[in-house]
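>>> please work out how this folds:
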Amino acid sequence: MGHNSVWLSFALTLIFIIHTTTSKPELLVVVITTSNTSSAYQGARIAESVLKENYTHLFPNHNLNIDFRAADKNEGLVVKQIVDILKDNKRIYAVVGAQRSASSVALGHLLQYYNIPQMSPNSASPELSNKEEFPYFTRMTNSAIERNLVRIKILQYFGWSRIFTVTENYEFFYDVFEHFFNLAKANNITVIKNHIIRSETYLKSAVEELLREDARIVLLFTYSYMGGAFLCEAYQQGFYGDKYEIIFPSNFVRDAVINFDYDCSIDEIGIVANNALQETGLPTRIDTDVKIYQSDILAEDIIQEMYSQVPEGNPIVYRPNGFDAMMTTVLSLSECLQSDCQGKSEEEFGEALLKQIYQSSYEGILGRIRFDSNALAIWDSFSLIFDGPIDVGQMLTNFAFSNAYVQKFVRMNDWSTTNIAHWLVVVISFDRFIAVYFPITYQSTFAKSQFAMKIVIYICITSYFIYITLGSLVAIIAEQCRQTSDCDLRAKWEITIAMGFLVLSQGIVPNILVLLLNILIATKITTLRNKSKAKQNNKTNDVEILLFVVSFSFTILNGGAQVSWFINFNSISSDSECSLIYIISRMMESLTHVLNNGVNFFFTS
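Below is the predicted model:
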């Protein structure tokens with residue numbers, strides 16, 4: 001037994017020595033997100049899958065271990081996750097996270113003492129740009145201060161100069177609001193009052209004050225949860241409709257709100273949100289046929305995977321950020337191990353890895369990724385744009401998705417039926433014109449063949465499809481324009497031609513034709529009845545005069561409506577006199593439209 005014990009001990013010792021000398025050391029990368037349904041989490045998971053399938057050569061002498069922690073609920077919990085790992089004597093080489101700026105601030109204070117680089121997918125607080133306070137922090141998004149430029153652009157675009165703001169009680173939002181306030185003042189925009197929301201209990205009084213103050217334009221500086229709570233309170237107090245406009249921050253996502261519990265249904269929240277705008281100061285890759293991250297993988301293939309088969313309640317807005325944050329961190333770690341990180345102590349290793357991240361330049365999903373002196377990711381394709389309204393926006397908060405499509409369908413059919421109605425008057429007038437000028441031909445051919453009815457059916461069908469086609473063309477061009485830097489939608493010649501055709505075909509051309517035909521009809525009948533010296537000539541002259549007046553009014557008023565609409569399209573403020581002129585001219589045009597029909601039938605019957 002003694003010899004057996006000695007041989008057993010020797011064998012176990014030998015196995016241990018072989019294992020320790022041949023096993024690869026572990027490279028631990030910790031990923032911290034808000035939940036396993038968050039957009040950044042999903043993007044990081046896709047990156048993990050891509051790394052396993054296509055980048056097995058990155059760490060020939062190490063084992064990469066990616067540890068996902070859905071813990072970004074509050075700052076304390078985030079810090080505890082890292083402390084627990086370090087207490088187990090595990091070495092963390094890098095952290096991807098957190099998502100919330102408040103959590104990234106707390107995490108940044110901790111990680112700097114352990115010399116661990118941190119890459120946040122979407123923490124946008126301007127505080128995190130301070131490299132003296134957060135020396136190991138980097139991020140895959142722009143500072144929220146830059147997004148204030150988008151907010152100013154929205155306000156200037158619509159001519160809104162007096163606004164109210166609602167700010168959640170975080171230092172992050174205070175900093176962003178302070179910058180916005182100064183920027184607004186420099187651009188002659190007045191912030192009448194800023195409502196501070198410290199918790200949900202403050203929302204009721206805040207909305208009540210907004211109603212008392214007759215606030216029309218409201219900017220939110222909140223996280224998604226509080227933004228959804230504000231919408232719920234706004235619905236309950238009736239703070240919604242055409243006269244109110246709410247502008248959301250780009251971090252506000254529909255899918256996050258779906259996962260929260262409010263006193264309102266998602267459809268009720270959607271009623272308020274469907275009349276809102278959202279600023280989006282996020283980068284967008286335009287050229288998707290580019291190979292990414294030093295591989296043969298095309299960006300368009302990852303993008304297609306990223307936005308296909310998205311479960312209900314799973315957001316997508318920050319998936320590219322999560323993907324690029326993970327890929328950039330891991331590839332930088334690999335390159336550093338082959339060069340500057342070799343033989344470094346833990347402190348020196350963290351500094352060398354951070355330097356490698358600063359020097360990295362990859363083609364990613366968001367664009368060509370580089371970093372500035374403040375470790376802020378920059379992109380060649382970055383542009384400040386705004387998307388909206390929410391029911392047609394790109395990657396935006398479309399709560400009642402089906403409702404939005406219903407609204408578009410109704411709006412398109414409204415345009416189509418209005419166009420059809422105008423041309424029906426032309427058909428009626430033309431039918432009366434043939435009956436007056438060519439009565440024999442009309443009786444023998446037109447009346448029997450039901451010419452007018454056939455033309456009416458033809459116009460109805462063709463008008464509908466022409467409007468659907470042109471409307472789709474305008475929508476496609478507008479979407480492409482929003483994804484392109486420095487794109488002025490009104491400068492696109494395709495839009496000008498399409499909208500010009502719609503205006504001409506819907507109002508100007510049919511109105512002129514109706515006026516000319518009615519003048520010819522009235523002139524012909526007047527001439528014939530003067531020749532016959534009818535006894536009731538004076539009465540018919542009254543009707544003829546009425547026909548002239550109605551036709552002329554129809555043309556002038558509908559023309560005014562079209563001109564007013566076209567001016568509105570070219571950025572006149574929604575609360576300007578033009579909108580009032582537009583509404584009045586539309587009402588009068590509708591009245592004269594009906595009168596025109598009635599007089600036409602009565603006069604020639």
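>>> switch to C-alpha atoms for all contacts and neighbour counts from now on
OK.
>>> excluding residues flanking it in the chain, which one is nearest I434?
Closest residue to I434 apart from its sequence neighbours, by C-alpha to C-alpha, 6 or more residues apart in numbering: Y442 at 6.2 Å.
>>> and the one you found, how far is that from I525?
Here the distance between Y442 and I525 works out to 16 Å (C-alpha to C-alpha, to the nearest Å).
>>> show me where the stretch 301-450 of the chain has helices.
Taking DSSP state H, counting those that start in this stretch as the criterion, the stretch 301-450 of the chain contains helices spanning 319-337, 346-359, 401-437, 439-441, 447-449.
>>> what about the strands in the protein?
Assigned strands in the chain, in chain order: 26-33, 63-70, 92-96, 118-120, 137-139, 162-168, 190-197, 217-221, 245-248, 277-280, 362-363, 368-371, 377-379, 385-387 (criterion: DSSP state E).
>>> for the first one, what is the average pLDDT?
What it means is strand 26-33. The average pLDDT within strand 26-33 is 92.
>>> note down every partner strand of it and its orientation.
According to DSSP bridges, the neighbouring strands of strand 26-33, each with its direction, are strand 63-70 (parallel), strand 92-96 (parallel).
>>> which parts of the first one are buried?
Of the residues in strand 63-70, those with enough neighbours to count as buried (16 or more other C-alpha atoms under 10 Å) are 64, 66, 68-70.
>>> now stretch 200-217
Those buried within stretch 200-217 under the rule 16+ other C-alpha under 10 Å are 203-204, 206-208, 210, 215-217.
>>> okay, it in CSV with CA atoms only?
Included here for stretch 200-217 are C-alpha records, laid out as CSV according to Å, rounded to 0.1, in the frame of the first residue of the first chain:
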residue,chain,number,x,y,z
GLU,A,200,-42.8,59.4,-10.6
THR,A,201,-44.7,61.2,-7.9
TYR,A,202,-43.6,64.5,-9.4
LEU,A,203,-45.0,63.8,-12.8
LYS,A,204,-48.6,64.6,-12.0
SER,A,205,-47.9,68.1,-10.8
ALA,A,206,-45.5,68.6,-13.7
VAL,A,207,-48.1,67.8,-16.3
GLU,A,208,-50.7,69.8,-14.4
GLU,A,209,-48.3,72.8,-14.6
LEU,A,210,-47.6,72.3,-18.3
LEU,A,211,-51.4,72.4,-18.9
ARG,A,212,-51.8,75.6,-16.8
GLU,A,213,-48.9,77.2,-18.6
ASP,A,214,-50.4,76.3,-22.0
ALA,A,215,-47.1,74.6,-22.9
ARG,A,216,-47.1,73.4,-26.6
ILE,A,217,-43.5,72.3,-27.2
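>>> next one: phi and psi at D242?
According to degrees, to the nearest 10, the main-chain angles of D242 amount to phi -60, psi -30.
>>> I'd assumed A273 was in contact with it.
No: with contact defined as C-alpha atoms under 8 Å, D242 does not count as touching A273 (11.5 Å).
>>> which of these two has more residues huddled nearby?
When neighbours are counted by other C-alpha atoms under 10 Å, D242 and A273 differ, and A273 comes out ahead with 30 against 10.
>>> worst mean pLDDT among the strands paired with strand 26-33?
Across the strands paired with strand 26-33, strand 63-70 gives the lowest mean pLDDT, at a mean of 93.
>>> okay, and for the stretch 1-150 of the chain, where does confidence drop off?
Low-confidence segments of the stretch 1-150 of the chain, defined by pLDDT under 70: 1-23.
>>> same deal with the chain?
Looking along the chain with the criterion set at pLDDT under 70, you get 1-23, 251-259, 279-284, 286, 309-316, 373-422, 444-457, 459-507, 529-605.
>>> can you pull the contacts of the nearest residue to V207 once chain neighbours are set aside?
In space, and not counting its chain neighbours, V207 is closest to A234: 6.4 Å by C-alpha to C-alpha, 6+ apart. Residues counted as contacts of A234 (C-alpha atoms under 8 Å, 6 or more residues apart in numbering) are 207, 240, 272.
>>> quick check, the last one in contact with F230.
No: here V272 lies out of contact with F230, judged by C-alpha under 8 Å, at a distance of 9.9 Å.
>>> how about the strands paired with strand 26-33 in a markdown table, adding distance to D301?
Below are these laid out as a markdown table (distance: least, C-alpha to C-alpha, whole Å):
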| stretch | distance to D301 |
| --- | --- |
| strand 63-70 | 23 |
| strand 92-96 | 23 |
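>>> circling back: in JSON lines, list the buried residues of strand 63-70 along with distance to I189.
Converted to JSON lines, these look like this (distance: C-alpha to C-alpha, whole Å):
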{"residue": "L64", "distance to I189": "52"}
{"residue": "I66", "distance to I189": "48"}
{"residue": "F68", "distance to I189": "44"}
{"residue": "R69", "distance to I189": "43"}
{"residue": "A70", "distance to I189": "41"}
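>>> need the max-distance pair from these.
Based on C-alpha to C-alpha, the longest span within those runs between L64 and A70 and measures 19.4 Å.
>>> okay, now S339: neighbour count?
For S339, the count of nearby residues is 11 (other C-alpha under 10 Å).
>>> that should have said N275, apologies.
19.
>>> that one contacts F248, correct?
No: N275 is not in contact with F248 according to C-alpha under 8 Å; the separation is 11.3 Å.
>>> need the distance between the two termini of stretch 30-50.
Taking C-alpha to C-alpha, stretch 30-50 runs 17 Å from one end to the other.
>>> residues making contact with that stretch?
The set of residues external to stretch 30-50 that reach it, using C-alpha under 8 Å, 6+ apart, is 66-73, 78, 92, 94-100, 121-122, 256, 306, 313-327.
>>> with stretch 72-79 instead?
Contacts for stretch 72-79 (C-alpha under 8 Å, 6+ apart): 32-35, 71, 98-100, 102-104, 106-107, 110.
>>> now do the same end-to-end measure for stretch 241-260.
Start to finish, the residues bounding stretch 241-260 are 24 Å apart (C-alpha to C-alpha).
>>> give the burial count for Y293, as a bare number.
Neighbours of Y293 under the rule other C-alpha under 10 Å: 20.
>>> an error on my part: the question was meant for R285.
Under the neighbour criterion other C-alpha under 10 Å, R285 is assigned a count of 22.
>>> doesn't I369 make contact with it?
No: R285 is not in contact with I369 according to C-alpha under 8 Å; the separation is 10.6 Å.
>>> a markdown table for the contacts of stretch 72-79, including neighbour count and distance to G350?
Formatted as a markdown table, the entries for those read as follows, by neighbours: other C-alpha atoms under 10 Å; distance: C-alpha to C-alpha, whole Å:
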| residue | neighbour count | distance to G350 |
| --- | --- | --- |
| I32 | 27 | 19 |
| T33 | 29 | 22 |
| T34 | 21 | 25 |
| S35 | 17 | 27 |
| A71 | 21 | 24 |
| A98 | 32 | 18 |
| Q99 | 27 | 21 |
| R100 | 23 | 23 |
| A102 | 21 | 23 |
| S103 | 24 | 21 |
| S104 | 29 | 18 |
| A106 | 16 | 19 |
| L107 | 24 | 15 |
| L110 | 16 | 14 |
